[in-house]
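Chemist: Could you work out the structure for the sequence below:
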Amino acid sequence: MVSTPFVGAAMSSIAIADYALISDRHSAALISRDGSVDWLCFPRFDSPSMFGRLLDEEAGHWSIRPSASCEVSRRYVEQTMVLETTFRTASGTVVLTDALLVGADNGGHRLGVGVPRLLARRVSGVDGEVPMETVYRPRPEYGLIAPILSATPGGVTSRGGAEWLVLTTPTAMSFTDASAHAAFTVRAGESLYFGMHRSTLEEAPAHVWPQEELAGRLQSTIAAWRSWSDLHQAYDGPWRELVHHSGRVLQALSFQPSGAIVAAATTSLPEGVGGERNWDYRYTWVRDASLTMEALWVAACPDEAQDFFSFLATAAPSLSKERSLQIMFGVGGEHDLSERTLPHLKGWRDSRPVRVGNGAWSQQQIDVYGELLDAAHRLADQLQRIDDDTRWFLIACADTAAERWTEKDQGIWEVRGEPRHFLYSKVMCWTALDRAIGLADRLGAPADKVVAWRRTREEIHDAVLREGWSEEAGAFTQYFGSTALDASNLMMPIVGFLPADDPRMVATIDATAERLTDDAGLVYRYRTEGGVDGLAGEEGTFLLCTFWLAQAMALAGQAERASGVFEQAAAYVNDVGLLAEEVDPATGELLGNFPQAFSHIGLVNAAWAISQARRPIAA
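Modeler: Numbers count the residues shown, from 1 in each chain. Presented below is the predicted three-dimensional model:
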């Protein structure tokens, strides 16, 4: 918990690291250090925002904070994703507690069932008395709507568009410019409860909540998160608290009705300030599947892994000769994620365009077959119970990998330049066949098909060793015939393509550490200067790739070196333990969508690999 002065700041200067996440496993909010909800999408992660000041000053927010300057510190309530912000002023101290409330009976595996669509905020006096102020400025549909606000007994109603919002407030509000605001004082021992309840015109209308009911539901939300943590989090290795917290972050980024996990809670936070590398990450990628499975086994439990795989096995099937396996889906299993821009939004620190949807959904990426079958392989024991359609689908994925591995694609990084023979894609086609061979009995694959898979697996292996190794680079390279490095090649030992201590792999690990890092030792996914990705501008170092480097070093028996790399990356968690996608090499500031599931997945998997590398070898 870090305590720093806060005297107010212009929205454009708020750092990504100054935000904290709360979630009800359907949607997510980001709250700044000064107690402002600057991002909230209801009723799903990918719904239009109600508060969008994260991307434009005029796109809505809801702040509660002292009216005087203060010292600020934050933490999550132990074992939960309920946020506490402590404001210390010259006259006294208050604690602001924020939560997206979960359902009434949400212990253990039921976390997120039947949520009320209610953001609750409690202001509690600790000592002295503190003058406070609140500004409530909802702007539905990414800021397009300035709703009509009206007073109602105990609250404020909001009309405009498809949303019906009711603010519960214990203090009278005044109204100007489609906003409500109030000044009030909190004294030691007092607790005041605020809440924003959301419904649509089709649902039972939102309403004002009694103070005692908000108090009870907040406490039950805390208890539900703790119940989930007690049941699921058994990891007891190095960096235990970071691993457990990352498990809760992944749970917070999961969509309870389907088991999907979004890549991040936001859209269009840039990979470079002022640049165009701004993407919508509120979707689920097949690319993440096998790494997510591993992290859930370590930091959560097999039930979450099973839920995630069940989502993929339901959403993904749609194979044909004309169309490859889709690389990503909406959290409800949707396939069409067509991309558009929102020109009315300025973007975080004027980083345009702001995008919703993601055009990468229609790209060809042949690595996805390996990631899906690797995920299935991690759940091999459960596959005895899968249905015939899923067996057929997994066999078809292996067949398609065997057929298409010779094709060019856009690769793991979804480049928007020309397709190439990316090495990682070939390695993951090998992984698809390797895992399918291992699952052949459970899938009921015919013997002659398995023979063909084995033959193609060896062809891929030979091609990668022959075409992917560069004597000039002294390493495996980004695509056949190149000399460029790519951090995704660190996955080769992680998936078992080569042992990590193979001399070529050790050389690739060393080359990555020496030539694909910044001055702080953080890893770039690749160098952008060559224009391979078809985009202008530069990007930061990738935290996931840095954790991959640590994991590969651990697998190579370099536990101490791996620990040093891990510590370098983990040092970038913010004051409440959250990671974005990237780090700005010039400033050390977090960049990209936030919080980033892949970064937390990388943290968990690297910690596990290092813990295993440190274990004494049995006599």
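Chemist: Name the SS class of Asp389, please.
Modeler: Put simply, Asp389 is helix when judged by DSSP: H, G, I helix; E, B strand; the rest coil.
Chemist: What count of nearby residues applies to it?
Modeler: Using other C-beta atoms under 10 Å, Asp389 has 11 neighbouring residues. Placement of C-beta: from N, CA and C, glycine included.
Chemist: Count the neighbours of Ala99 for me.
Modeler: Counted with other C-beta under 10 Å, the neighbours of Ala99 add up to 27.
Chemist: Could you list which residues are in contact with it?
Modeler: 22, 81-83, 119-120, 218, 221-222 (C-beta atoms under 8 Å, 6 or more residues apart in numbering).
Chemist: Any chance you could list what contacts stretch 407-416?
Modeler: Residues outside stretch 407-416 that contact it (C-beta under 8 Å, 6+ apart) are 287, 327, 360, 363-367, 419-422, 424-425, 479, 488, 525-526, 532-535.
Chemist: and the contacts of Ala99 as a markdown table, adding secondary structure, distance to Ile386 and neighbour count?
Modeler: Converted to a markdown table, these look like this (DSSP: H, G, I helix; E, B strand; the rest coil; distance: C-beta to C-beta, whole Å; neighbours: other C-beta atoms under 10 Å):
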| residue | secondary structure | distance to Ile386 | neighbour count |
| --- | --- | --- | --- |
| Ile22 | strand | 35 | 25 |
| Met81 | coil | 32 | 29 |
| Val82 | coil | 37 | 25 |
| Leu83 | strand | 39 | 21 |
| Leu119 | strand | 39 | 26 |
| Ala120 | strand | 40 | 24 |
| Leu218 | helix | 40 | 23 |
| Thr221 | helix | 34 | 27 |
| Ile222 | helix | 37 | 19 |
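Chemist: The contacts of stretch 407-416 in helices, which ones?
Modeler: Using DSSP state H to define helices, the subset of these located there is 424-425.
Chemist: Whichever of the contacts of stretch 407-416 end up buried, select them in PyMOL.
Modeler: Applying 16 or more other C-beta atoms under 10 Å to these, the buried members can be selected in PyMOL as follows:
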select buried, resi 287+327+360+363+364+365+366+367+419+420+421+422+424+425+479+488+525+526+532+533+535
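Chemist: In stretch 476-490, which residues are buried?
Modeler: By neighbour count on 16+ other C-beta under 10 Å, the buried set for stretch 476-490 is 476-480, 482, 484-490.
Chemist: Closest one of the residues you listed to Pro257?
Modeler: Ser488 (31.8 Å; C-beta to C-beta).
Chemist: Secondary structure element holding Pro585?
Modeler: For Pro585, there is no helix or strand it lies in under DSSP states H and E.
Chemist: One more: Arg187?
Modeler: Using DSSP H and E, Arg187 falls within strand 179-187.
Chemist: Okay, buried residues for that strand please.
Modeler: Of all the residues in strand 179-187, those buried under the rule 16+ other C-beta under 10 Å are 179-180, 182, 184, 186.
Chemist: same thing with stretch 505-518?
Modeler: With burial defined by 16+ other C-beta under 10 Å, the residues of stretch 505-518 counted as buried are 505-506, 508-509, 511-513, 516-518.
Chemist: With pLDDT, secondary structure and distance to Trp164 added, can I get those in CSV?
Modeler: Formatted as CSV, the buried residues of stretch 505-518 follow (pLDDT from 0 to 100; DSSP: H, G, I helix; E, B strand; the rest coil; distance: C-beta to C-beta, whole Å):
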residue, pLDDT, secondary structure, distance to Trp164
Met505, 98, helix, 58
Val506, 98, helix, 61
Thr508, 98, helix, 56
Ile509, 98, helix, 56
Ala511, 98, helix, 58
Thr512, 98, helix, 53
Ala513, 98, helix, 55
Leu516, 97, coil, 51
Thr517, 96, strand, 51
Asp518, 95, coil, 49
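Chemist: okay if I get those as a markdown table plus distance to Val604?
Modeler: A markdown table is the format used below for those (distance: C-beta to C-beta, whole Å):
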| residue | distance to Val604 |
| --- | --- |
| Met505 | 22 |
| Val506 | 24 |
| Thr508 | 23 |
| Ile509 | 20 |
| Ala511 | 26 |
| Thr512 | 21 |
| Ala513 | 21 |
| Leu516 | 23 |
| Thr517 | 22 |
| Asp518 | 23 |
